[in-house]
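The following block contains a protein sequence and its predicted model.
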Amino acid sequence: MIANGTTANGGNPEEGKLPPPAEVDHEEEDDAEEEGTAPAAATGEGAKKKKKKKKSKKKSAKVEQSEPPRVGLSKLFPDGNYPEGELQDYKDDNAWRTTSEEMRYNERMIMQDPELTYNNIRRGAEVHRQVRQHARRTIKPGMTMTEIAENIENGTRALVEENGLESGVGFPTGLSLNHCAAHYTPNAGDTKVLQNGDVLKVDIGVHVKGRILDSAFTLTFDPTYEKLLEAVKAATDTGVREAGIDVRVGDIAGAIQETMESYEVEINGKFIPVKPIENLSGHSINPYQIHGGKSILLVKNNDQTKMEEGEYFAIETFGSTGTGRVVEEGECSHYARVLTPPNVPLRQVSTNTGKTSVLTCPYTDSQLPNHC
């Protein structure tokens, strides 16, 4: 997706090989084997006895994450309980959602299915958090886009303990530069290098049992664009705060727009207002389907579609110093199977068609050998 001007996105090794997980140290007591004499109980005769061999006691040290992160989460959280995210209370005008017994009952019924519980998404979120923190620390000018993408995806695969449909990368890592707003991933052979003046949008996806976690952040090494990053972060926080069951997506869009347009960026002595990109949006997420059908635009509209119980959403905000619109441009780097493909006569089907193992989760051409 290409936009006129600079854009920002808000949200919260050897090639092909992963380093082995960090080893767990064990403290052991030395085994002791001693001999001695002991008096006989009845006769008083001394008899040599061999003392029983002491069992070694092993004390497991706490498992810690490696650098770069390559230790799977099952080793860090052996009980299978993962950290909760930030919880948002309903706004005052929707507080009845918290107090209504009927509403709470409906939500409990939907969440009773173990595949719909929050633990899967919390596992994905913890993977994302650790990989994201490492990416923020290590991405520097001079790195190639391919190097950055491989480092992120290798970390994701290791931490989520990639296992086909059970867990893995949710979609190709987005590394969109400057006027490219979204959906750029380096294809095989890409030689693009990150520069000091670039604004880089990093979009990372993780999935656990089809529950896809879609979250992005923006990096800049030039203080000129700090206000642009501040604007999209504030707009994202607004979208999250306004979201909730029964909220209309058009109202969320209006709140995002109001927040975004309250910022401006000074570039070469000229103040430029930050504009939300009107033809990009956040979206609902279904199991194994990154775009679930509901959209949350970034400008106010009359869409009366409501958020409902049991749904997952990605609140995505895109701010620009340009016209506030994107056009489709550049080479294709994302592929996905159609969820409901049309009927095609057998004679028209190529035998070389690539297939992905993760249903409608997107993938890149560099990943095709792993999925054919």
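Happy to help now that I have it. Residues are numbered from 1 along each chain as shown.

now stretch 323-330, how far from the centre of its chain.
Remark: stretch 323-330 is offset 25 Å from the chain centroid, using CA atoms, centre = their mean, to the nearest Å.

Quick one: end-to-end distance for that stretch.
Terminal residues of stretch 323-330 are spaced 19 Å apart (CA to CA, to the nearest Å).

So for it, mean pLDDT?
Per-residue pLDDT over stretch 323-330 has a mean of 89.

Low-confidence ranges, the chain, go.
1-5, 11-60, 93-99, 102, 104-105, 108-116, 344-372 (pLDDT under 70).

ranges for the helices of it?
73-76, 96-99, 101-111, 118-138, 145-160, 226-242, 249-260 (DSSP state H).

so what does the fifth one touch, helix or strand wise?
Using 3 or more CB pairs under 8 Å, 6 or more residues apart in numbering; DSSP states H and E, the elements in contact with helix 145-160 are helix 118-138, strand 167-169, strand 174-177, strand 199-208. No exception for glycine: its C-beta is placed from N, CA and C like everyone else's.

most tightly surrounded among these?
With neighbours taken as mean count of other CB atoms under 10 Å, these reach their highest mean count in strand 199-208, at a mean of 25.

Adjacent strands (with direction) for it?
Strand 199-208 pairs in its sheet with strand 167-169 (antiparallel), strand 174-177 (antiparallel), strand 211-220 (antiparallel), by DSSP bridges.

And the contacts of the shortest one?
Residues external to strand 167-169 that are found in contact with it (CB atoms under 8 Å, 6 or more residues apart in numbering): 123, 153, 156-157, 160-162, 205-209, 358, 361.

Throw the strands paired with strand 199-208 into TSV and include distance to A149, thanks.
Output for the strands paired with strand 199-208, formatted as TSV (distance: least, CB to CB, whole Å):
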stretch	distance to A149
strand 167-169	10
strand 174-177	6
strand 211-220	14
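
re earlier: take the helices and strands packed on helix 145-160 and write them to CSV, including distance to E64.
As requested, the helices and strands packed on helix 145-160 are exported to CSV (distance: least, CB to CB, whole Å):
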stretch, distance to E64
helix 118-138, 11
strand 167-169, 21
strand 174-177, 29
strand 199-208, 21
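
so which of those comes closest to I267?
Smallest distance to I267 across the helices and strands packed on helix 145-160 (CB to CB): 11.7 Å, for strand 199-208.

Count residues in the vicinity of the nearest residue to E316 once chain neighbours are set aside, would you?
In this structure, E316 finds its nearest non-sequential neighbour in G282, 4.1 Å apart by CB to CB, 6 or more residues apart in numbering. Neighbourhood size, G282 [other CB atoms under 10 Å]: 26.

mind listing what G282 touches?
Taking CB under 8 Å, 6+ apart, we find G282 in contact with G239, S295, I296, F313, A314, I315, E316, T317.

What of R136?
R136 neighbours (CB under 8 Å, 6+ apart): F217, L219.

State the distance from it to V265.
For R136, the distance to V265 (CB to CB, to the nearest Å) stands at 22 Å.

what does R137 give?
Applying CB to CB, the value for R137 to V265 is 26 Å.

ok, and what's touching stretch 295-305?
Outside stretch 295-305, the residues that touch it by CB under 8 Å, 6+ apart are 235, 239, 248-250, 252-254, 256-258, 260, 276-278, 280-284, 294, 313, 315-318.

so which of the helices of the chain comes closest to P172?
helix 145-160 (7.6 Å).

my guess is V199 meets K227, correct?
No: using CB atoms under 8 Å as the test, V199 is too far from K227 to be in contact (11.9 Å).

top of the contacts of G282 by neighbour count?
T317 leads the contacts of G282 on contacts (other CB under 10 Å) with 29 neighbours.

what about it, distance to P83?
24 Å.

do S281 as well
Per CB to CB, S281 is found 29 Å from P83.

between the two, who's got more neighbours?
S281 (22 against 10).

Let me see the contact set for the more buried one.
S295, I296, L297, L298, E316.

Next: A216.
If you count contacts by CB under 8 Å, 6+ apart, then A216 has N9, G10, G11, G174, K201, V202, D203, I204, E316 around it.

Quick check: the fourth one touching S215?
No: with contact defined as CB under 8 Å, G174 does not reach S215; the gap is 10.8 Å.

where exactly do the strands run in the stretch 251-372 of the chain?
264-267, 270-273, 275-276, 281-285, 295-297, 312-314, 317-320, 326-327 (DSSP state E, counting those that start in this stretch).

okay, these in JSON lines with distance to A231 next?
Below are the strands of the stretch 251-372 of the chain laid out as JSON lines (distance: least, CB to CB, whole Å):
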{"stretch": "strand 264-267", "distance to A231": "8"}
{"stretch": "strand 270-273", "distance to A231": "10"}
{"stretch": "strand 275-276", "distance to A231": "9"}
{"stretch": "strand 281-285", "distance to A231": "16"}
{"stretch": "strand 295-297", "distance to A231": "17"}
{"stretch": "strand 312-314", "distance to A231": "19"}
{"stretch": "strand 317-320", "distance to A231": "5"}
{"stretch": "strand 326-327", "distance to A231": "17"}
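
which of those strands sits most buried?
Neighbour counts (mean count of other CB under 10 Å) averaged over each of the strands of the stretch 251-372 of the chain peak at strand 317-320, with a mean of 31.

From the contact counts, what lies against that one?
strand 7-10, helix 226-242, helix 249-260, strand 275-276.

can you put the ones you listed in a markdown table and add distance to N302?
Formatted as a markdown table, the helices and strands packed on strand 317-320 follow (distance: least, CB to CB, whole Å):
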| stretch | distance to N302 |
| --- | --- |
| strand 7-10 | 24 |
| helix 226-242 | 16 |
| helix 249-260 | 6 |
| strand 275-276 | 17 |
